[in-house]
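Student: Just need the structure, nothing else, for what follows:
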Amino acid sequence: MSEAADEPVRTRGTVLHFVEGTVVHAGPHVHEKSHPLHTHSFFELVLVTGGEGVHHSLAGRQKLQAGDAILLRPGVWHEYVDCDALEIYNCCFSADLVRRELAWAREDPLLGYLLWTGPFSAQRRGMLATHLEPDTVKEAVGHLDGLRQLRDQPLSRNRAEIIGWLSLYLSCVARTVTDRDERRGHTHPAVLDAMRLMEADPAKHWTLTDLAGELHLAPGYLVRLFKSVTGLPPMAYLSRHRVELAADRLLHTDLPISRIGESVGWPDQNYFARRFKSHYGLSASVYRQRFNAVKSTPSYR
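Tutor: As a prediction, this is how the structure comes out:
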């Protein structure tokens, strides 16, 4: 397929990325037969609106039907196969936007789970899948249409509206996710503070004792708080954050793999190699080769 000139998403190798100045994009697409293996430098929240197909990722193969929704954090690889007029409404938004304009969402019990703790918990490996009922799908499509109508408007004059429509769509999906996963209540502030501390300095040699000391908590209590939210202890959460950072640097820098390991807090290259492959199912070198090769690839559409 030829790349659509009006789409603000481009490919480099098999990495999808925004054109400069784009922070959010929403658009419907139809896949026939398949859509090739790829990864991306942004968040993606896919809503299936019709047809059939199979979503393939490290989490396995998921047969898709109308109402299915999948949240993918940056760096996750996936593809669509066995498609029969598979209709999806994609919503993509930059990691910088999540860190800045949506920073408040981390403290929201619904959005915090959708964007952070849910995809990092258990064996989800940066993904979160759910199914929306027809009325919720209709509501979600309305928010996506509102977002899409702003696609040609200058960001400088419409940032608030764009963030508003995106927040409404994310909240719509998050309500279903948290209901299905039986998540209730607010995340303890200490868990949020711990996440921010580790993310602000991933290269630091963090230990549970040091982290708990920063928060003036007993280590065992911090572990219980963390596991109640994510299902993971703090150091496991840090590992998942580090591999996501490493994936981004593999795709967007020319740094040697050994330097990337050091930069995310794993100077032991053997340990870095094991952690990366455990999360993505590929070695760091294969991940970079597969998704960062400069070659002609099918377009986002």
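
Student: so who does F93 touch?
Tutor: By CB atoms under 8 Å, 6 or more residues apart in numbering, F93 lies in contact with 23-25, 42-43, 45, 166. Where C-beta positions appear, they are placed from N, C-alpha and C, glycine not excepted.

Student: oh, I was asking about V243
Tutor: By CB under 8 Å, 6+ apart, the contact set of V243 is 264, 275-276, 279-280.

Student: quick revisit: kindly reformat the contacts of F93 as TSV containing secondary structure.
Tutor: Formatted as TSV, the contacts of F93 follow (DSSP: H, G, I helix; E, B strand; the rest coil):
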residue	secondary structure
V23	coil
V24	strand
H25	strand
F42	strand
F43	strand
L45	strand
L166	helix
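
Student: shouldn't L111 be in contact with A105?
Tutor: Yes. Using CB atoms under 8 Å, L111 is in contact with A105, at 3.8 Å.

Student: Quick one: the contacts of F93 as JSON lines, columns for neighbour count and distance to Q153 too.
Tutor: Shown next, in JSON lines, are the contacts of F93 (neighbours: other CB atoms under 10 Å; distance: CB to CB, whole Å):
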{"residue": "V23", "neighbour count": "21", "distance to Q153": "13"}
{"residue": "V24", "neighbour count": "25", "distance to Q153": "11"}
{"residue": "H25", "neighbour count": "21", "distance to Q153": "13"}
{"residue": "F42", "neighbour count": "23", "distance to Q153": "20"}
{"residue": "F43", "neighbour count": "23", "distance to Q153": "21"}
{"residue": "L45", "neighbour count": "24", "distance to Q153": "21"}
{"residue": "L166", "neighbour count": "23", "distance to Q153": "14"}
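
Student: still on that earlier bit, so for L111 and A105, which residues contact both of them?
Tutor: By CB under 8 Å, 6+ apart, the residues touching both L111 and A105 are 167, 170.

Student: farthest pair in the contacts of F93?
Tutor: V23 and L45 (14.3 Å; CB to CB).

Student: gap between V229 and T117?
Tutor: 5 Å (CB to CB, to the nearest Å).

Student: so what sits against both of the two?
Tutor: Common neighbours of V229 and T117 are listed as T187 (criterion: CB under 8 Å, 6+ apart).

Student: In stretch 129-139, which residues are buried?
Tutor: Under the neighbour-count criterion of 16 or more other CB atoms under 10 Å, stretch 129-139 has 129-132, 136-137, 139 buried.

Student: Can you tell me the strand partners of the helix or strand containing G51 and which way each runs?
Tutor: Assigned by DSSP states H and E, G51 belongs to strand 42-57. Applying DSSP bridges, strand 42-57 is found paired with strand 60-64 (antiparallel), strand 68-72 (antiparallel), strand 78-94 (antiparallel).

Student: Let me know the closest of the buried residues of stretch 129-139 to A203.
Tutor: A129 (32.0 Å).

Student: tell me the secondary structure for that closest one?
Tutor: strand.

Student: Could you give the bridge partners of it?
Tutor: Bridge pairing for A129 - DSSP bridges - gives I70.

Student: mind listing what's buried in the strand holding G51?
Tutor: Going by 16+ other CB under 10 Å, strand 42-57 has these buried residues: 42-49, 51, 53-57.

Student: now do stretch 85-104
Tutor: In stretch 85-104, counting by 16+ other CB under 10 Å, buried: 86-95, 97-98, 101-102.

Student: closest to P234 among those?
Tutor: V98 (20.8 Å).

Student: Identify the residues contacting that closest one.
Tutor: By CB under 8 Å, 6+ apart, the neighbours of V98 are 43, 105, 115.
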